[in-house]
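Novice: Need coordinates for the below:
(one chain, ligands or ions: 3)
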Amino acid sequence: MSREHNKTPEEQLDTGRRRFLNTAAVAGLAGASMSVGLSACNQDSKSASAVPAAAAGHADAAHEGQNPHLKPGELDTYYGFWSGGHTGDFRVLGMPSGRELHRVPCFVPDALVGWGITNESKAVMGTKADGSLKYTVADTHHTHASYKDGNYDGRYAWINDKINSRIARIRLDYFICDKITELPNVQGFHGIFPDKRDPVDPAINYTTRVFCGAEFHVPLPNDGRDLESPEKYRSLFSCVDAETMEVRWQMLIDGNCDLVATSYDGKLAATNQYNTEGGYHYEGMMSAERDACLFVNIARVEEAVKAGKTITIGTSKVPVVDGTRAANPDPKTALVGYVSVPKNPHGVNATPDAKYFICAGKLSPTGTVIELAKVLDWFDGKLDDIDKAIVAEVELGLGPLHTAFDGRGNAYTTLFLDSQIVKWNVDAAIRFHAGDKSAQYVVDRLDVTYQPGHVNASQSETRFADGKWLAVGCKFSKDRFLPVGPLHAETEQLVDISGEKMKLVADHPVRPEPHDFIIFKRDLLRPKQVYDMSEFPLAVKDQKEAGVFRDGKKVTVKIASLAPAFEPREFKVKVGDEITIILTNLDKVEDLTHGFAIPKYNVNFIVNPQETKSVTFKADKPGVFWCYCTHFCHALHLEMRSRMIVEA
Ligand code: CUK
Ligand code: CUA
Ligand code: CA
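Specialist: Ligands and ions are numbered 1, 2, ... in the order given. So this is what the prediction gives:
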């Protein structure tokens, strides 16, 4: 890769010739570029990305850089929250080491903790009339945490399930999912972002809402009507209450939603739209040269909801406001404004200086910078055309998707087709767009391997972006790791962004396939390591409370665990009984977790210190079943058992 410091901005980018001109060219070029990427695995290791910046003799060769490798016993300085993609999970990493520390089960069953087995987890996940799980698949893309004063406050994180339109909340004191809400009347729930301040009461400088974008158009309601009339399919933008997790309101919009961003003043939320055409095949979704970024005036929407200017759809009771263009002709009263952006934009990201939202072009090689003050001017009737809020639309490279920030005025955008990250200066881009053709906005380019999707930097989505580390989620690993059959790991790459030049410092294989993630300082979290027993109404508080309690055919077995024994040591039930086992771990010692498995009854779950869980099942076969501890806890771990005797 040539370093392009001395070229004119036009030359350094050289993307004009590759600009997509029409639908056919897009399809053709996307295919061509992809095959270039795929053939890159045959290049020898002297490709630019393999050469450390310092060794390559760059201007800042003297910059020492940071070391991502920790010595044994050393702790990471950042947490990372990662979506797991269609594994359906939420992952916690230590950064910069990239070590995976935990997976928090939420949407899909998890055999380790018994998520989807215990009564408590089933209640969070949702069940059908017969008590079985409503869903067992999920596709998580975006995870974000709650804010206070422009930074994370360590209360909650949220994550989306695109398949079944669910939003899960993770409590960050115990790293557990405590609520899941299914959004009504939407499909393809993709983007998600918490607000950062209340638009009306500025004293509420923390998260109280989470906004959710729905990607796919569906008939409203989707009950069998309008099946063959795709022109009638619609998409909704939703607002979920951060505390109750109820859907506060939804908004009918023109076009679709993709990702979501929120402003630091709480006044605006936005979603990028790639299917303003309402197409239902890809050709239709990319037929227009420009799509949009939809801006929502939160205070006005909530006024309209309060004033009852709403409808409901189907069986849902959620109030729905009208955010279509036709219903919002006057900016001074409009609930929404549609800013035009080039062809099929993908991400939308808020700059840490709180001034701009940046939309990446995906099918256009451009990044669009939208000034929020000007969007507000338009809502106030002081700007005649909302597109005048666009303060830069500059060429970045092929297939721009997502953007991160370093807090020093630079943006880092992934270029999916170019397999690169481009570092660019936002102010210089604005000057360039305003006519200063000498403005050098591209600062650096880094080859990544291969086809990057999301990118994020330490503290990037807060007011406190610190410009230290950048991680990039590459969608193809190809030759980067030992082959393990046809399915490849994805490559998560770590980049040192503390200097002028980006420096690739580590590759990590990850199980497919993470999308978005956030990285933040470790002192923003204060996780608890022993449960508070008062959180559990069913707790068996003492070994003396343990025992078998029969009520007709319903039998409750209360069990207490205290290493290395379960109390009671054995219990008798009868075939045909409905058994509920309630187990409390009385151990108070940090890291002293027990498991509880019942052979042939498909039961296994863990109880952490001072935690209580329960399971309910039918005794359908007689015999002796050794309930044993599955989680290594004690020198007598193997001996830690209880005997379930089922009489015929
Ligand atoms: S999307 Cu996956 S790379 Cu779901 Cu955030 Cu862009
Ligand atoms: Cu208790 Cu192992
Ligand atoms: Ca489009």
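Novice: For V318, which residues are in contact?
Specialist: Applying CB atoms under 8 Å, 6 or more residues apart in numbering to V318 gives the contacts 184, 238, 247-250, 312. (Each C-beta comes from the backbone N, C-alpha and C, glycine too.)
Novice: Recalculate using a threshold of 10 Å.
Specialist: Taking CB atoms under 10 Å, 6 or more residues apart in numbering as the criterion, V318 is in contact with 183-185, 236, 238-239, 246-250, 305, 310, 312.
Novice: ok, now V301?
Specialist: Residues touching V301, when contacts are defined by CB under 10 Å, 6+ apart, comprise 199, 237, 239, 248-251, 269, 309-310, 321, 323, 335-336.
Novice: which stretches of this structure form helices?
Specialist: Along the chain, counting by DSSP state H, helices occupy 9-13, 23-39, 119-125, 282-285, 298-306, 372-379, 426-433.
Novice: Which of the ones you listed has the lowest mean pLDDT?
Specialist: Least confident of the helices of the chain, judged by mean pLDDT, is helix 23-39 with a mean of 37.
Novice: wait, what's in contact with the residue nearest to R197 when sequence neighbours are not counted?
Specialist: With CB to CB, 6 or more residues apart in numbering as the criterion, R197 has its nearest non-adjacent residue at 3.3 Å, and that residue is G266. Counting by CB under 10 Å, 6+ apart, G266 touches 147, 195-202, 204-209, 298-299.
Novice: N272 contacts V348, doesn't it?
Specialist: Yes: proximity of N272 to V348 meets the contact threshold set by CB atoms under 10 Å, at 4.3 Å.
Novice: what do the two both touch?
Specialist: Contacts common to N272 and V348, judged by CB under 10 Å, 6+ apart, are 191, 213, 258-261, 293-294, 341, 357-360, 368.
Novice: who wins for neighbours among the residues you listed?
Specialist: Within the shared contacts of N272 and V348, neighbour counts (other CB atoms under 10 Å) peak at C359, which reaches 32 neighbours.
Novice: ok, now which ones touch that one?
Specialist: Listed by CB under 10 Å, 6+ apart, the contact set of C359 reads 258-259, 261, 270, 272-273, 291-293, 339, 341-342, 345-349, 366-370, 390, 393, 400, 403.
Novice: Tell me where this structure is predicted with low confidence.
Specialist: 1-62 (pLDDT under 70).
Novice: interface residues of it facing ligand 1?
Specialist: Within the chain, the positions lying close to ligand 1 (CB under 6 Å from any ligand atom) are 141-142, 190, 259, 346, 401-402, 453-454, 515-516.
Novice: coming back round to it: can you tell me which of the contacts of G266 are buried?
Specialist: By neighbour count, with 16 or more other CB atoms under 10 Å, the contacts of G266 hold 147, 195-199, 205-209, 298-299 as buried.
Novice: how far away is the residue most central in space within the chain from H63?
Specialist: Centre of the chain computed as the mean C-alpha position; nearest residue by CA atoms, centre = their mean is H142, 1.7 Å away. Computed as CB to CB, to the nearest Å, the H142 to H63 distance reads 33 Å.
Novice: Next: G85.
Specialist: From G85 to H63 the distance is 34 Å (CB to CB).
Novice: Look at these two and report which has more neighbours.
Specialist: The neighbour count for G85 versus H63, taken as other CB under 10 Å, is higher for G85 (23 against 16).
Novice: check contacts around the more buried one.
Specialist: Contacts of G85 by CB under 10 Å, 6+ apart are 91, 138-141, 162, 453, 473, 490, 510-516.
Novice: What's the PyMOL syntax to select whichever of the residues you listed are buried?
Specialist: The PyMOL command for the buried members of the contacts of G85 (criterion: 16+ other CB under 10 Å) is given here:
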select buried, resi 91+138+139+140+141+162+453+473+490+510+513+514+515+516
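Novice: Spatially nearest residue to the residue of the stretch 201-350 of the chain found nearest ligand 2 (excluding sequence neighbours)?
Specialist: Closest to ligand 2 within the stretch 201-350 of the chain is M245: 33.8 Å, counting by CB to the nearest ligand atom. When the adjacent residues along the chain are set aside, M245 lies closest to K179, with 4.3 Å between them (CB to CB, 6+ apart).
Novice: A168 reaches I159, doesn't it?
Specialist: Yes: between A168 and I159 there is a contact at 5.2 Å, judged by CB under 10 Å.
Novice: where do the contact lists of these two overlap?
Specialist: Common neighbours of A168 and I159 are listed as 88, 90, 104, 106-107, 138, 140, 143, 177, 180 (criterion: CB under 10 Å, 6+ apart).
Novice: Which two of those have the greatest separation?
Specialist: Farthest apart among the shared contacts of A168 and I159 by CB to CB are T143 and I180. That separation is 14.0 Å.
Novice: Can you spell out the domain ranges of this protein, please?
Specialist: Here the domain parsing of the chain from automatic domain parsing is 186-393, 533-647.
Novice: Distance to S477 added to these, as TSV?
Specialist: Supplementary listing: these in TSV, determined by distance: least, CB to CB, whole Å:
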stretch	distance to S477
domain 186-393	21
domain 533-647	32
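Novice: OK, now which residue of the stretch 301-450 of the chain is nearest to ligand 3?
Specialist: Sorted by distance to ligand 3 under CB to the ion, the residues of the stretch 301-450 of the chain start with N344, at 4.5 Å.
Novice: What is the burial count for that residue?
Specialist: When neighbours are counted by other CB under 10 Å, N344 comes out with 25.
Novice: quick one: T118 from D173, how far?
Specialist: Noted for T118: a distance of 19 Å to D173, by CB to CB.
Novice: the more surrounded of these two?
Specialist: Relative neighbour count places T118 above the other of T118 and D173, with 24 against 14, counting by other CB under 10 Å.
Novice: ok, now which ones touch the more buried one?
Specialist: For T118, the contact set (CB under 10 Å, 6+ apart) comprises 124, 581, 583, 596, 603-607, 612-616.
Novice: at 8 Å instead, please
Specialist: Contact analysis of T118 by CB under 8 Å, 6+ apart lists 605, 613-615.
Novice: I'd like the residues you listed written out as CSV, with distance to F549 and neighbour count added.
Specialist: Conversion of the contacts of T118 to CSV gives the following (distance: CB to CB, whole Å; neighbours: other CB atoms under 10 Å):
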residue, distance to F549, neighbour count
F605, 20, 27
K613, 17, 23
S614, 13, 19
V615, 16, 24
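Novice: Would you mind putting those residues into JSON lines with distance to ligand 2 alongside?
Specialist: Formatted as JSON lines, the entries for these read as follows, by distance: CB to the nearest ligand atom, whole Å:
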{"residue": "F605", "distance to ligand 2": "13"}
{"residue": "K613", "distance to ligand 2": "14"}
{"residue": "S614", "distance to ligand 2": "18"}
{"residue": "V615", "distance to ligand 2": "17"}
